[in-house]
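[1] Kindly generate the corresponding structure for this input.
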Amino acid sequence: MAEFHKEDIARLMDGELPWPAVQDMLKSPKDLDRFDKFLEIMAERVPWDDTILLPLTPQLMIVARKGERVVKCVCGQEYGDYRVNWKLSALVHVRDSQEALDEIYRGRDALDEAWVQLREYICPGCGSMLEVEAVPRGCPPDFEFLPDLDTFYREWLGRELPDKCEYEDHTLAVVAEWSSEGE
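    From the prediction side, this is the model:
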């Protein structure tokens, strides 16, 4: 089994590893501690101390914080319970006019404003663009990834997380709570 150094993994993450080394890393069986090295590198790059459980995107990760599992941006901005779509807590710029859509797609690639919206999700803490989705008008925010963390740690990594958490999407419960506040 291959054993790669943490520095090589960091260079891979930064796109600085030479292509032959990338190929070697991709083709080799994964070293058992690759995920842990990856999390160590991520932890060294953020300005906070919460334990990173799983990266969601290059900017967002699920962390353990005071007995909870929350989504957090590398800048420290928190988005709440990881089982609620983090997009509900992000800033959103919606491109829904032909003029706004044409700033991105032109000519044959142009989108039809009658059918499509572009939603740009932005971190309120650092202003980073976190996600862009092209969806039909009226479509709820896409919840791309709700990982079963307990199963992942137990069955893939061979260890348990210190606490257990019910694996269930709580997004609609939050939306329902917001709706009832206006009544």
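[2] can you give me the helices in the chain?
    6-13, 19-27, 34-45, 98-102, 149-151, 171-181 (DSSP state H).
[3] roughly how far is the first one from the heart of the chain?
    Its chain's average C-alpha position is 20 Å from that of helix 6-13, according to Cα atoms, centre = their mean, to the nearest Å.
[4] Begin at 10 from now on, thanks
    New numbering, starting at 10: the last item is helix 15-22.
[5] Phi first, then psi, for the spatially most central residue of the chain.
    With distances taken as Cα atoms, centre = their mean, Leu65 lies nearest the centre of the chain, 2.7 Å away. Backbone torsions for Leu65, taken as degrees, to the nearest 10, come to phi -100, psi -40.
[6] Wait, it touches Phe154, no?
    Yes - counting by Cβ atoms under 8 Å, Phe154 is a contact partner of Leu65 at 6.0 Å. From N, CA and C alone the C-beta is placed, and that goes for glycine too.
[7] circling back to that earlier point, take the helices of the chain and lay them out in CSV including distance to Glu169, mean neighbour count and mean pLDDT.
    Converted to CSV, the helices of the chain look like this (distance: least, Cβ to Cβ, whole Å; neighbours: other Cβ atoms under 10 Å; pLDDT from 0 to 100):
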stretch, distance to Glu169, mean neighbour count, mean pLDDT
helix 15-22, 24, 16, 92
helix 28-36, 29, 11, 91
helix 43-54, 15, 15, 95
helix 107-111, 47, 14, 92
helix 158-160, 7, 15, 96
helix 180-190, 26, 12, 92
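[8] do you know which of these lies nearest Lys96?
    helix 180-190 (9.1 Å; Cβ to Cβ).
[9] What ranges does the protein have for its strands?
    Along the chain, counting by DSSP state E, strands occupy 60-64, 69-74, 77-82, 87-90, 100-104, 125-131, 138-145.
[10] right, and those - which one's nearest Asp17?
    Ranking these by distance to Asp17, with Cβ to Cβ as the measure, places strand 60-64 first at 18.1 Å.
[11] what's that closest one packed up against?
    Where contact means 3 or more Cβ pairs under 8 Å, 6 or more residues apart in numbering; DSSP states H and E, strand 60-64 is packed against helix 43-54, strand 69-74.
[12] Alright, I will stop here.
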